[in-house]
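Colleague: The following comprises the amino acid sequence and a computationally predicted model.
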Amino acid sequence: MAKCTGPLYSLSASGKIADAMVYFNWKGVNVVREWLKPANPQSAGQGNQRCMLGGTGRAVGEILPRPGFTTVSAFAQQLITLKLIPGGQTKQSYLVKYILDHYLTDATAFAAMLLEFTTHTYSAVFGTSADSLGLVDFSLTYDTIAAYSKGLGLYLIAKSAIALSFDGTPYISAIGTWVTADIEGMVTDFTTA
């Protein structure tokens, strides 16, 4: 990337010139670089990854605080207390990355997690709880995996909370032993301080 002290003899320039160069200010320095047209091939692999990212992000986004809210939920407070969120990351970006890195690494892992979720005795309660939060199943026209179940997002958040050593009920119990009260307790933790 070239640095310019007076691009185009203007001492300040921004924007694109003829699909060839882009001028912009970066960290207080005027720079110019080659213009690159972003590619968006919407391949099956890309669709699968976007489906997993989108479904997970929507579920995690229901944990307060959200834009427009100042209340820090009991769930988010556990992340803060355990000092799990690295500097420069939000609660949402941390949890989404954690879930993608540990449970949804590829389409095969997604299928395994979906199977684990659907065979959980209380998977329907996860789904009902997701309904109460306004979550919906998520899919894209160009993915090749099953739709991201609205309840799967909550299930993966619960698995993550257990793995991250959250304190108190229901997080001290294995996910396989969770019942309706545990699921509803976690959802309550999403929205109350």
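Modeller: Structure's in. What do you need? Numbering: from 1, shown residues only.
Colleague: Now for Lys16, how many residues are close by?
Modeller: 11 (other CB atoms under 10 Å). Where C-beta positions appear, they are placed from N, C-alpha and C, glycine not excepted.
Colleague: who's in contact with the helix or strand where it lies?
Modeller: Here Lys16 is covered by strand 15-17, with elements defined by DSSP states H and E. With CB atoms under 8 Å, 6 or more residues apart in numbering as the test, strand 15-17 has contacts from Val22, Tyr23, Phe24, Trp35.
Colleague: how is this structure carved up into domains?
Modeller: Per automatic domain parsing, the domain ranges recorded for the chain read 2-34, 44-191.
Colleague: Can you redo those domains as a markdown table, where the extra columns are mean pLDDT?
Modeller: Listed next are these as a markdown table, based on pLDDT from 0 to 100:
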| stretch | mean pLDDT |
| --- | --- |
| domain 2-34 | 74 |
| domain 44-191 | 95 |
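Colleague: Tell me the buried residues in stretch 81-98?
Modeller: Leu84, Ile85, Lys91, Gln92, Tyr94, Leu95, Val96, Tyr98 (16 or more other CB atoms under 10 Å).
Colleague: Against Thr188, how distant is the nearest residue to the fifth one once chain neighbours are set aside?
Modeller: Among residues not flanking Tyr94 along the chain, Ile85 sits closest, at 4.7 Å (CB to CB, 6 or more residues apart in numbering). With distances defined as CB to CB, to the nearest Å, the gap from Ile85 to Thr188 amounts to 21 Å.
Colleague: With Ser173 instead?
Modeller: As defined by CB to CB, Ser173 lies at a distance of 16 Å from Thr188.
Colleague: Can you tell me what sits against whichever strand or helix holds Glu184?
Modeller: Assigning secondary structure by DSSP H and E places Glu184 in helix 180-191. Helix 180-191 is contacted from outside by 62-64, 73-75, 78, 122, 125-126, 129, 132-133, 154, 157-158, 161, 169-171, 173, using CB under 8 Å, 6+ apart.
Colleague: hmm, which of these are the buried ones?
Modeller: The buried subset of those (16+ other CB under 10 Å) comprises 62-64, 73-75, 78, 122, 125-126, 129, 133, 154, 157-158, 161, 170-171.
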